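Trainee: Give me a model of this one.
(2 chains)
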Amino acid sequence: AAGVIQSPRHLIKEKRETATLKCYPIPRHDTVYWYQQGPGQDPQFLISFYEKMQSDKGSIPDRFSAQQFSDYHSELNMSSLELGDSALYFCASSLNPPRGSYEQYFGPGTRLTVT
Amino acid sequence: RKEVEQDPGPFNVPEGATVAFNCTYSNSASQSFFWYRQDCRKEPKLLMSVYSSGNEDGRFTAQLNRASQYISLLIRDSKLSDSATYLCVVSSRDLDTGRRALTFGSGTRLQVQP
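Mentor: Numbering: from 1, shown residues only, chains lettered A, B, ... in the order given. The predicted model follows:
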C-alpha cells in the first residue's frame, strides 16, 4: 500500500538560510499534519491542513509557514534557520471521519541539520 | 506535568516474556487513543487504536479506562523484533479553540533480550 512520501530525506543548511520540506500524503487522505521531533524528544505538532485549508496550528514558529496544494501535497517553508531547528520533521496523513478514523500515518521524515 | 505520561523505561525482558506498559492522560475530553512504536531515528508507526471495549491484535492487547484516564498495552510472547520505543498518543479537541491535537507521550523503551 502507498505510504506517506517526504522529500528530501536529509537536508543540511546554514544558519539564516531557508528550507522547504515536501510531503505527499497517502492517496485519498484528506488531512496532512507536520511534526517536529528534536533529539531525545517526542514529536511536537506544528500545523495541519484539512482539504487544503489550514485546520489546526500547534507550536509552529512564525519563521515557518506551510500550505497544502490542489494535489494535496504539502510544503513546510522554514526561513531564518536557527541551530535549534535541527530536528526530524515528520509529515503524517489521515482520512478523518465520517469516511475514516483519526489514525495518522507517518512519513519517513526529513532530517534537517542546521550548521 | 505532561498531558500524556509514560514510564520511560527501559524495560529489559527476555524473549517470550509478557510485558505491560501503562500511560495516563490528563485531558478528560480526550477522544481517540493510539499506541505507536518508533524505532531509533525512524518514523512512528501506528500499532493499534485503543477502544473502550479493549482490542487485541495478535500478541498485542490494548485497554482504555476512561474513568481512571489510563491506557495500557500488553505484549505477549515478546520477540527480539519488538524492541522499540512505544508511544502513547492521545487525540483531543480543545473546547476553547476547537483545535484538534495529537499529543504524544515521551515513550517507553522496550529491549527484548535473547
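Trainee: On the three-state scheme, A:Ile26 is what?
Mentor: coil (DSSP: H, G, I helix; E, B strand; the rest coil).
Trainee: Now it. Nearest residue, chain neighbours left out?
Mentor: Spatial nearest neighbour of A:Ile26, excluding adjacent residues (C-beta to C-beta, 6 or more residues apart in numbering or on different chains): A:Ser93 at 5.0 Å. Placement of C-beta: from N, CA and C, glycine included.
Trainee: next one: A:Glu51
Mentor: A:Asp30 (5.4 Å).
Trainee: Now do the same for A:Gly84: helix, strand or coil?
Mentor: helix.
Trainee: so who does it touch?
Mentor: By C-beta atoms under 8 Å, 6 or more residues apart in numbering or on different chains, the contact list for A:Gly84 reads A:Val114.
Trainee: where's it relative to B:Val112, distance?
Mentor: 35 Å (C-beta to C-beta, to the nearest Å).
Trainee: just A:Tyr35 next, same as before
Mentor: In terms of C-beta to C-beta, A:Tyr35 sits 27 Å off from B:Val112.
Trainee: In the chain, which residue is most central in space?
Mentor: No chain specified, so I'll use chain A. A:Trp34 (3.0 Å; C-alpha atoms, centre = their mean).
Trainee: Sorry, I should have been clearer: chain B.
Mentor: Residue closest to chain B centre, computed by C-alpha atoms, centre = their mean, is B:Cys88 at 3.1 Å.
Trainee: from memory it sits against B:Pro8, does it?
Mentor: No. Counting by C-beta atoms under 8 Å, B:Cys88 stays clear of B:Pro8, with 11.6 Å between them.
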